[in-house]
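Q: structure, please.
(2 chains)
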Amino acid sequence: MSVVPPGARSTARYVLGVAGIRVAVESASGALRLDVPPSSVAFLSDDGAPDLVLRVDWRALGAEPEGHLLFESGGVWRLFATPTAHVYRCHLPGQALQPYKELRLPLDGGPGELLLDPRCFDTGRPVDALEFPLDELLFLRLLAERGAVELHAAGVVAPSGRGYLFAGQSGDGKTTLARLWQELAGAAVLSDDRVVLRRGADGAWSMHGTPWHGEAELASSAAAPLAAILLLARGPRQALLEMRPAEAVAALLARSFVPFHDSAAMERALTLLDDVVGSVPCRRFAFVPDASAVRFVLESLPGATALAQADGDWE
Amino acid sequence: MNEAEETQRPRRPYVAPTIEKVELRPQEAVLGFCKSTTVAGPVAGKCKAVGACATLGS
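A: Sure, this is the predicted structure:
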C-alpha cells in the first residue's frame, strides 16, 4: 500500500521499502515537497514502523563538514565520520568541495538528517531528495547492518517460483538475460541489475528486487526463494561450469556492493557469501545470448526441470 | 574426536594454496559514478548538473 495517492508523486512524506528494510523520508518544511521517482513507486510501503526516519530540509553546505574523511568514492560522493555521526556528501564529478546534499546519520540509529543546498536546486519544485547514489548508499548501509548483501545481478523467477540470480559486472549480459526471461510465459524479473540476498529465520535464502534497475528498467519489489547463483560469462555455447567455493565467493564479492569503509560489515558480507555458496548451487554460466539460454538453465539446474518444455510456453 | 580417531581418519591430499586475481571494478563497486541516463543531481543552473549523471552503470 502506498502513502502517496495514485498518480501523485509529490508528497510531504513517504516510506521506501527494499528487501524488508523501510526508510521514512519526511519533509521538515511545508515549502519543501518531496518527489517520488518512477522507479521508487513500486517500493513505497506503509506497513509497520520504519527502520530509519530521515528529515529533509534546506541548508547551505560548506566545503567540508566537521569530522574526518572516512571514504572517498573517487566519483560523486564522500563519507565523513564525526564522533556521533556518519555524513555522506554528494557532489558532481570533480567538484567535491561543492556538495549539493548531505546525509547525516547518527551512530546511535536515531533519525537522520538529509540536507539539500538550496543554491543547487529549484526550490519551487518537488525534489527527489534521496536521488541516486544516496538512496542506494543508504540502503547498502542498512542491509549490511542487518546481515544482507546487494549483488550486481539480474534476478528472475521461473514459472515454478524458484529464483535464479545471474551475477555479473557491467557488460556481462544481465539486462540481456533479463529480457530473455521476460519472454518466458509465467516467469518474472525482479531486477535487471541489482538484487539483495537475505537469509530468513528458517535459514532459507531469498532474493529481493530493488529500485536500482539497469538499461531495461526492470525493478520489482517482489522476492523469491533463491534456487541457484550463476556467474555470467560469454561462451561459444550454453554451459554450466563448476566453481570451487573460494573461487565463487571471490567472484561474488567482486560483484557485491559492500561498505568498504566498515571492516565489521565486510566480515559479515564475506561470511554471508561463504554461507550462500555453501548452501545454494553456484556455477559459472557461459552463455550465448539467445532464448536457448533460458531453456538451458531450466533444463540443467536441479529442480528446474519439467518447466517450459513446450514451445508454446515461449511468447 | 580423540587422538586415536584422528590418526585413523583418512587424510585428504594436500592442495597447495594458490593466488587468483579477481577483477574488481572500483567505480562500480563503490557507486562512484552515476547509474542511469535519467537526470540526477541538482538541477539549478549554478550546479550545471543536468545530464551530469549520464553514464550507464548497469
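Q: residue ranges with poor pLDDT in the chain?
A: Using chain A. A:1-8, A:302-315 (pLDDT under 70).
Q: switch to chain B, that's the one I care about
A: Short version for chain B, where the test is pLDDT under 70: B:1-7, B:34-58.
Q: mind running it again at 80?
A: B:1-9, B:20, B:33-58 (pLDDT under 80).
Q: now do the contacts for the residue lying closest to A:Val36 once chain neighbours are set aside.
A: Leaving aside its sequence neighbours, A:Val36 sits nearest to A:Arg9 (C-beta to C-beta, 6 or more residues apart in numbering or on different chains; 4.7 Å). Yep, even glycine has a C-beta here, placed from its N, CA and C like the rest. A:Arg9 is in contact with A:Asp35, A:Val36, A:Pro37, A:Pro38, A:Val41, A:Pro126, counting by C-beta atoms under 8 Å, 6 or more residues apart in numbering or on different chains.
Q: which single one of those residues is nearest to chain B?
A: For the contacts of A:Arg9, the minimum distance to chain B (C-beta to the nearest C-beta) is 7.9 Å, reached by A:Pro37.
Q: hmm, the closest one is touching A:Val127, no?
A: No: look at A:Pro37 against A:Val127 with C-beta atoms under 8 Å: they stay out of range, at 10.7 Å.
Q: between the two, tell me which one has more neighbours.
A: The neighbour comparison of A:Pro37 against A:Val127 (other C-beta atoms under 10 Å in any protein chain shown) goes to A:Val127, with 21 against 16.
Q: which bits of the stretch 1-150 of chain A sit near chain B?
A: Proximity of the stretch 1-150 of chain A to chain B (C-beta under 8 Å from any C-beta of the partner chain) is limited to residues A:37, A:71, A:73-77, A:90, A:92-93, A:98, A:100-101, A:116-117, A:119-122, A:125, A:131-133, A:136-137, A:140.
Q: all helices for the stretch 201-315 of chain A, in order.
A: A:245-253, A:263-279, A:292-300 (DSSP state H, counting those that start in this stretch).
Q: quick one: closest of the ones you listed to A:Leu190.
A: helix A:292-300 (15.2 Å; C-beta to C-beta).
Q: from the residues of the stretch 1-150 of chain A next to chain B, which ones fall inside strands?
A: Among these, the members found in strands (DSSP state E) are A:Phe71, A:Trp77, A:Cys90, A:Lys101, A:Leu116.
Q: between those residues, which is nearest A:Gly278?
A: The closest of those, once distances to A:Gly278 are taken by C-beta to C-beta, is A:Phe71, at 30.0 Å.
Q: contacting residues for that closest one?
A: A:Arg78, A:Leu79, A:Phe260, A:His261, B:Val30.
Q: distance of the third one relative to A:Leu70?
A: Here the distance between A:Phe260 and A:Leu70 works out to 10 Å (C-beta to C-beta, to the nearest Å).
Q: check A:Glu102 too.
A: Taken as C-beta to C-beta, the span from A:Glu102 to A:Leu70 is 14 Å.
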